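Novice: fold the following.
(2 chains)
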Amino acid sequence: MATTADVKLNSYRTGPDDKGFFGMFGGRFVAETLMPLILELERAYDDAKADPTFQAEIDHLNLHYAGRPSPLYFAERMTNELGGAKIYFKRDELNHTGSHKINNCLGQILLARRMGKTRIIAETGAGQHGVAVATVCAKYGLPCEIYMGALDVERQAPNVARMKLLNAKLNPVTAGAGTLKDAMNEALRDWVTNVTDTYYLIGTAAGPHPYPAMVRDFQSIIGKETREQMIAAEGRIPDTLVACIGGGSNAIGLFHPFLDDKNTAIYGVEAGGHGLDVENGHAASMNGGSPGVLHGNRTYLLQDSDGQILEGHSISAGLDYPGVGPEHAWLKDTGRVTYVSITDKEALEALQFCTRMEGIIPALEPSHALAHVMKLAPTLPKDNLLVMNLCGRGDKDLFTVAKALGMKI
Amino acid sequence: MKTDTRIDKRFAKLRQEGRKALVTFVTAGDPDYDTSLKIISGLPGAGADVIEIGMPFSDPMADGPPIQASGLRALKAGQNMIKTLQLVRDVRKSDADTPIVLMGYYNPIYVYGNERFLDDAVAAGVDGLIVVDVPPEADDELCVPAIARGLNFIRLATPTTDDKRLPAVLKNTSGFVYYVSITGITGAGSAKATDVGRQVARIKKSTDLPVAIGFGVKTPEQAKELASHGDAVVVGSALVTKIAESLDKDGKPTAMTASGVLQLVQSLSGALKS
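Specialist: So this is what the prediction gives:
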């Protein structure tokens, strides 16, 4: 097994290897029933990538359906208030369905159609991915079933209603603690049972190969647009990138096109929950976890000393996954990306600050990234170009935020 | 792959006697350590030919509700890898011959440490391993070092394992091949016997190893029917369901817990011999 230290790096953008590994992370750790399926998926994706009509179709949908490119917005008041780096938001919350999740869903639904699959399944935590899946399934007239932890069904009522309106069949999962990891287990159990007609549309850059690479590719539109837009606005690429990390799909989408730009500093922000020192009180798998194997890949996990997976906690339902995409695990070990954590309280404060300063209500997930920007920006010179991925809008979180702030709705 | 372990010896003996093997699965530490030890120690006497012991894991993604619940009961009662290996040592005090296979998922092994786990498993008296989520593509990590220590690495073949893929699955497999008779999770619906017969015949064309048929075997009649297509049947969910049904309202074992499971094993074994 190659460890990260063995790898001589000319580029950070060539992974994964042909077995799906980023250094020691990633791979294909699934039951035999699923192996032929993920190998089929890998062949189908390679074939699609080589077909210019596939990319042309994605480009068309991005423009006319998702509303891309999303703006790169100069947050002027926040910049002045914090008194350091020049802060830009990549406005992926303005996409159709309200987050970056649509980028991946459009790519994968086209792939599912190419493969002749007639039934779509997915897991969802906060419901943003579930809504995006239900949306693309409605658009293409495909039946879909969404697995969602029973606890998440309760705390994400607006997204539950959206999925139902979109005609998705919602399966609340009561196994385990009833959150995202349990929903993913249940989706895998569905897939292992319905192998011929079903496509599993994973929502983050994790799972068995080829999912981490494929989801990254579909999300990399974020970083590609950012590069072009920043060059257009400032004549050069960003100096600093910041994004929140649950599974890490929005972050890898922003980061990946810049990984070989060695003067661009990159920060991933994990959910610190009640604090890293609180046992099972956070969802920072890289800063507070250890390597293990779950859901088809080796990565950093929240787990006990016996290898049993912990549930984790975050105020943000989209970040409380006990793992992280394997490419992030590798980028952490290589040192290319700096991973930090932000607590529930700091994220809530950042949400309010952004709302007041810029008239934008961010989701709780990017509020974690914003909170880190609030710490980082004042330490940077005024000509430092900083981009924060505003990957989701806050509408879905109004009940959670109101409750946390003692407001009545 | 040719080996000479307790598993190989047991299947050779059964073949001589013209019998099919009964492979039983229960989870280590379900519903607690002492009751689990009592159940497992009683299995050979009740007619189990091969013992599979589940290593409990919080996220058993190939298992249905009965085995999920079984694993959670064990974890709640304090089971962990150290105690599972201890359980094997304790079982070996009363039984030196019955093959013992540890079955489970990779993460608890990986966190325990692959080399340390394999050494300790051999020392405890384990004969084989089934690790659901380590496919042949990752053989270097666990399978090859296990073989080097004389352990059988038993692989699952499934209805989706086509002829092209089968040689890769069989390459480092030894002891027996575990044929998963359905696409699905453990304890789910049962396979059609005709399909199983065809599939097992397909596997047998590529290997001389015994083939055990599992997933969805619930009754003695089913066990007998399925066994006729291969060399062994695996029963797991039905046994852990028996454990679940025997518990009192606080989830504690009762007088019926061990005896109920062992009675079911007896009737399964009886059906295979009839």
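
Novice: isn't B:Pro60 right next to B:Ile67, touching?
Specialist: Yes. At 6.3 Å, B:Pro60 and B:Ile67 qualify as touching, with contact defined as C-beta atoms under 8 Å. (C-beta placed from N, C-alpha, C; glycine too.)

Novice: which strand or helix spans the closest residue to A:Arg114 other than its chain neighbours?
Specialist: Using C-beta to C-beta, 6 or more residues apart in numbering or on different chains and skipping the chain neighbours, the partner closest in space to A:Arg114 is A:Ala48 (5.9 Å). Secondary structure from DSSP states H and E places A:Ala48 in helix A:35-49.

Novice: state the distance from the residue nearest to A:Arg114 to chain B.
Specialist: From A:Ala48 across to chain B, the span is 22 Å (C-beta to the nearest C-beta, to the nearest Å).

Novice: secondary structure element for the nearest residue to A:Met374 once chain neighbours are set aside, which one?
Specialist: Spatially, and ignoring its direct neighbours in sequence, A:Met374 is nearest to A:Ala350 (5.9 Å; C-beta to C-beta, 6+ apart). Element membership for A:Ala350 (DSSP H and E) is helix A:344-358.

Novice: mind checking how far that helix is from the chain centre?
Specialist: Its chain's C-alpha centre and that of helix A:344-358 lie 20 Å apart, by C-alpha atoms, centre = their mean, to the nearest Å.

Novice: and stretch B:19-30, by the same measure?
Specialist: Distance, centroid of stretch B:19-30 to centroid of chain: 6 Å (C-alpha atoms, centre = their mean).

Novice: show me which positions of that stretch end up buried.
Specialist: B:Arg19, B:Lys20, B:Ala21, B:Leu22, B:Val23, B:Thr24, B:Phe25, B:Val26, B:Thr27, B:Ala28, B:Gly29, B:Asp30 (16 or more other C-beta atoms under 10 Å in any protein chain shown).

Novice: test my guess that the first one contacts B:Ser274.
Specialist: No. In terms of C-beta under 8 Å, B:Arg19 does not count as a neighbour of B:Ser274; the distance is 11.1 Å.

Novice: contact partners for whichever residue of the stretch 1-150 of chain B sits closest to chain A?
Specialist: Relative to chain A, the nearest point of the stretch 1-150 of chain B is B:Val111 (3.3 Å; C-beta to the nearest C-beta). By C-beta atoms under 8 Å, 6 or more residues apart in numbering or on different chains, the residues touching B:Val111 are A:Ser290, A:Gly292, A:Gln303, A:Ser305, A:Asp306, A:Gly307.

Novice: for the fifth one, which non-adjacent residue is spatially closest?
Specialist: With C-beta to C-beta, 6+ apart as the criterion, A:Asp306 has its nearest non-adjacent residue at 4.1 Å, and that residue is B:Asn80.

Novice: go on, the second one?
Specialist: The shortest distance from A:Gly292 to any residue other than its chain neighbours is 4.1 Å, reached at A:Leu301 (C-beta to C-beta, 6+ apart).

Novice: what number of residues lie near that neighbour?
Specialist: Neighbour count of A:Leu301, defined by other C-beta atoms under 10 Å in any protein chain shown: 28.

Novice: that one bridge partners, please.
Specialist: A:Ser290 (DSSP bridges).

Novice: so it touches A:Met286, yeah?
Specialist: No. Contact between A:Leu301 and A:Met286 fails when scored by C-beta under 8 Å: they sit 9.8 Å apart.

Novice: tell me the residues of chain A that contact chain B?
Specialist: Selection of chain A residues close to chain B by C-beta under 8 Å from any C-beta of the partner chain yields A:1, A:19, A:27-37, A:175-176, A:181-182, A:185, A:188-189, A:192-195, A:290-296, A:298, A:301, A:303, A:305-309.

Novice: quick one: the strands in chain B, in order.
Specialist: For chain B, the strands defined by DSSP state E occupy B:21-27, B:50-54, B:100-104, B:128-131, B:152-153, B:156-157, B:177-180, B:211-214, B:232-235.

Novice: which one of these lies nearest to A:Ile120?
Specialist: strand B:177-180 (24.7 Å; C-beta to C-beta).

Novice: averaging pLDDT per element, find the lowest-scoring helix or strand in chain A.
Specialist: Taking mean pLDDT, DSSP states H and E as the measure, chain A has helix A:150-155 as its least confident helix or strand, at a mean of 86.

Novice: before we move on, back to that, for the contacts of B:Val111, which one is nearest chain B?
Specialist: A:Gly307 (3.3 Å).

Novice: pLDDT score assigned to the closest one?
Specialist: pLDDT recorded at A:Gly307 is 98.

Novice: which residues of the stretch 101-250 of chain B lie near chain A?
Specialist: B:105-112, B:132-135, B:137-138, B:140-141, B:155-162, B:165, B:169, B:180, B:183-185, B:188.

Novice: pull out the buried members of those.
Specialist: Neighbour counting over those (16+ other C-beta under 10 Å) leaves B:105-112, B:132-135, B:137-138, B:141, B:155-161, B:165, B:169, B:180, B:183-185, B:188 as the buried ones.

Novice: so which of those residues are in helices?
Specialist: Counting by DSSP state H, these place B:Tyr106, B:Asn107, B:Pro108, B:Ile109, B:Tyr110, B:Val111, B:Tyr112, B:Val169 in helices.

Novice: is the closest residue to the first one other than its chain neighbours in a helix, a strand, or coil?
Specialist: Think B:Tyr106. Leaving aside its chain neighbours, B:Tyr106 sits nearest to A:Val293 (4.6 Å; criterion: C-beta to C-beta, 6+ apart). Using DSSP: H, G, I helix; E, B strand; the rest coil, the structure places A:Val293 in strand.

Novice: can you tell me the closest non-neighbouring residue to the residue nearest the centre of chain B?
Specialist: With distances taken as C-alpha atoms, centre = their mean, B:Glu52 lies nearest the centre of chain B, 3.4 Å away. What sits nearest to B:Glu52 in space, not counting adjacent residues and going by C-beta to C-beta, 6+ apart, is B:Phe25, at 4.2 Å.

Novice: circling back to that earlier point, dig out what the residue nearest to the centre of chain B forms beta bridges with.
Specialist: In beta-bridge terms (that is, DSSP bridges), B:Glu52 pairs with B:Phe25, B:Val101.

Novice: how much space between it and B:Ala212?
Specialist: Separation of B:Glu52 from B:Ala212 (C-beta to C-beta, to the nearest Å): 10 Å.

Novice: find residues that contact each of these two.
Specialist: With C-beta under 8 Å, 6+ apart as the test, B:Glu52 and B:Ala212 both reach B:Val23, B:Val234.

Novice: which strands border the strand ranked longest in chain A, and is each parallel or antiparallel?
Specialist: Longest among the strand segments of chain A by residue count, using DSSP E, is strand A:265-273. For strand A:265-273, the paired strands and their directions (DSSP bridges) are strand A:240-245 (parallel), strand A:338-343 (parallel).

Novice: off-centre distance for the helix or strand just after the first one?
Specialist: Moving toward the C-terminus from strand A:240-245, the next helix or strand (DSSP H and E) is helix A:249-255. With C-alpha atoms, centre = their mean as the basis, the distance from the averaged C-alpha position of helix A:249-255 to the chain average is 7 Å.
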